[in-house]
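In: My questions concern the predicted model and sequence given below.
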Amino acid sequence: MRAIRLSKNGGPEVLELVEVETPQPGPGQIRLRHEAVGINFIDTYHRSGLYPIKLPSGLGSEAAGVVEAVGDGVTRFKVGDLAAYAGAPGAYADANVVAAERAVKVPAGIDSHTAAAALLKGMTVEFLIRRLHRVEAGETILVHAAAGGVGQIMVQWAKALGAVVIATVGSQEKAARARELGADHVILYRDQDVAAEVRRITGGKGVPVAYDAVGKDTFEGTLKSLARRGLFVSFGNASGPAPPVEGRQLMLNGSLFFTRPTMIDYQTTTEELDASAAAVFEMIGSGKVKIEIGQTFPLAEARKAHEALESRATIGASLLIP
């Protein structure tokens, strides 16, 4: 089968398409023949070395496809099931072997492309707005990168919960998309003072929670946008890593809370995984969250996909198609 591999860290040029042996599932594992592979910003962190991985390595952690083989002891899936996973390495390939307990069935009515575009991003949103901080009706929240894959889902889901959403984006085109998704207020973070706009919108109070996947470029604006005892949720580095956080900064800006969460700590059991995935698929099935696949690339063009993602010119989710 074909797979994307990297033997050293660096830019998109280190990604190579190679022929490898098709893996066989061991006990407790399944093999999926991929129909769509999700592209996520964390893939670029693994490729660059920002998040170290053991090399040589495959890349990617999210895909959907058809189960074509099951290992001994697997009762959770059968051959022919449509399944998806998020969090298992080596997704940039025609097929992959994953632990059955870390994959989920894709329900009827949701296709493989939607599942691959939505599972990791959707489960990220689920734990961020339902468990890390429970967004309530009437609450005003700040969502950075609102036109991106995670941001689009977060805006829609938060609106379905009755929240007031202040969205930030990097262009007028993305601002229009954020408004279409339901954002109540949109800030162009490259051109406007985010904190000043947030204070204006909230009557000087600031927001109780801010979700920041951008990193370096938005760090100060996010910090200054929070209400007293507000929560700064930093979960991405699209513009580069955020600077170190000093405890004194949190004190001087209103006894703030800061967290850098990762999804794996909110999916420590198969039961948590299933519940999170079910919530995502329910939101999609109900029509409350619509998944925009903004761009697709052939598997062989993984380099081009990474270039597009890192230029921050993409809108919605991006997929590799084997």
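Out: Sure thing, it's come through.
In: For the spatially most central residue of the chain, give its distance to residue 172.
Out: Of all residues in the chain, the one closest to the mean position by C-alpha atoms, centre = their mean is residue 121, 3.3 Å from it. Distance, residue 121 to residue 172, by C-beta to C-beta, to the nearest Å: 24 Å. Quick note: C-beta positions are derived from backbone N, CA and C, even for glycine.
In: mind listing the strands for the stretch 151-300 of the chain?
Out: Using DSSP state E, counting those that start in this stretch, the strands of the stretch 151-300 of the chain run over 164-169, 185-188, 207-212, 226-234, 257-259, 293-298.
In: what helices or strands is the third one leaning on?
Out: Using 3 or more C-beta pairs under 8 Å, 6 or more residues apart in numbering; DSSP states H and E, the elements in contact with strand 207-212 are strand 140-143, helix 219-225, strand 226-234.
In: That one vs strand 226-234, what angle?
Out: 20 degrees (axes from the mean of the first three to the mean of the last three C-alpha atoms, to 10 degrees).
In: now what about strand 207-212, what contacts it?
Out: 128-129, 133, 135, 139-144, 154, 166, 198, 218-219, 222, 225-227, 229-236, 242 (C-beta atoms under 8 Å, 6 or more residues apart in numbering).
In: Mind giving me the PyMOL command for buried ones among these?
Out: Burial among the contacts of strand 207-212 is assessed by 16 or more other C-beta atoms under 10 Å; the matching PyMOL selection reads:
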select buried, resi 128+129+133+135+139+140+141+142+143+144+154+166+198+218+219+222+225+226+227+230+231+232+233+234+235+236+242
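In: could you list every residue that touches the closest residue in space to residue 97 that isn't next to it in sequence?
Out: Nearest non-adjacent residue to residue 97, counting by C-beta to C-beta, 6 or more residues apart in numbering: residue 23, 4.4 Å away. Counting by C-beta under 8 Å, 6+ apart, residue 23 touches 31, 95, 96, 97.
In: Can you tell me which of the residues you listed lies closest to residue 255?
Out: Nearest to residue 255 out of the contacts of residue 23 is residue 96 (C-beta to C-beta; 45.4 Å).
In: Quick check: closest non-adjacent residue to that closest one.
Out: Spatial nearest neighbour of residue 96, excluding adjacent residues (C-beta to C-beta, 6+ apart): residue 90 at 5.0 Å.
In: since we're on the one you found, how many residues are nearby?
Out: 20 (other C-beta atoms under 10 Å).
In: how close does it get to residue 293?
Out: Counting by C-beta to C-beta, the separation of residue 90 from residue 293 is 22 Å.
In: Please apply the same query to residue 12.
Out: According to C-beta to C-beta, residue 12 and residue 293 sit 20 Å apart.
In: Same check on residue 160?
Out: Distance of residue 160 to residue 293, given as C-beta to C-beta: 20 Å.
In: How about residue 213?
Out: From residue 213 to residue 293 the distance is 19 Å (C-beta to C-beta).
In: out of the two, which sits in the more crowded spot?
Out: Between residue 213 and residue 293, residue 213 has the larger neighbour count (other C-beta under 10 Å), namely 24 against 18.
In: What strand or helix carries residue 317?
Out: Applying DSSP states H and E as the criterion places residue 317 in strand 317-321.
In: Against the centre of the chain, work out the most remote residue.
Out: Distance to centre of the chain, C-alpha atoms, centre = their mean, peaks at residue 72 (32.0 Å).
In: helix/strand/coil for that one?
Out: For residue 72, the assignment made with DSSP: H, G, I helix; E, B strand; the rest coil gives coil.
In: which residue packs closest to it, ignoring adjacent ones?
Out: In space, residue 72 is closest to residue 27, 4.4 Å off (C-beta to C-beta, 6+ apart).
In: Okay, the one you found and residue 316: tell me how far apart.
Out: Going from residue 27 to residue 316 by C-beta to C-beta gives 38 Å.
In: in the stretch 101-250 of the chain, which spans are helices?
Out: Assigned by DSSP state H, counting those that start in this stretch, the stretch 101-250 of the chain shows helices spanning 112-127, 149-160, 172-181, 194-201, 219-225, 247-252.
In: Tabulate those in JSON lines, adding columns for distance to residue 297 and mean pLDDT.
Out: Output for the helices of the stretch 101-250 of the chain, formatted as JSON lines (distance: least, C-beta to C-beta, whole Å; pLDDT from 0 to 100):
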{"stretch": "helix 112-127", "distance to residue 297": "13", "mean pLDDT": "97"}
{"stretch": "helix 149-160", "distance to residue 297": "14", "mean pLDDT": "96"}
{"stretch": "helix 172-181", "distance to residue 297": "20", "mean pLDDT": "95"}
{"stretch": "helix 194-201", "distance to residue 297": "32", "mean pLDDT": "98"}
{"stretch": "helix 219-225", "distance to residue 297": "30", "mean pLDDT": "95"}
{"stretch": "helix 247-252", "distance to residue 297": "40", "mean pLDDT": "94"}
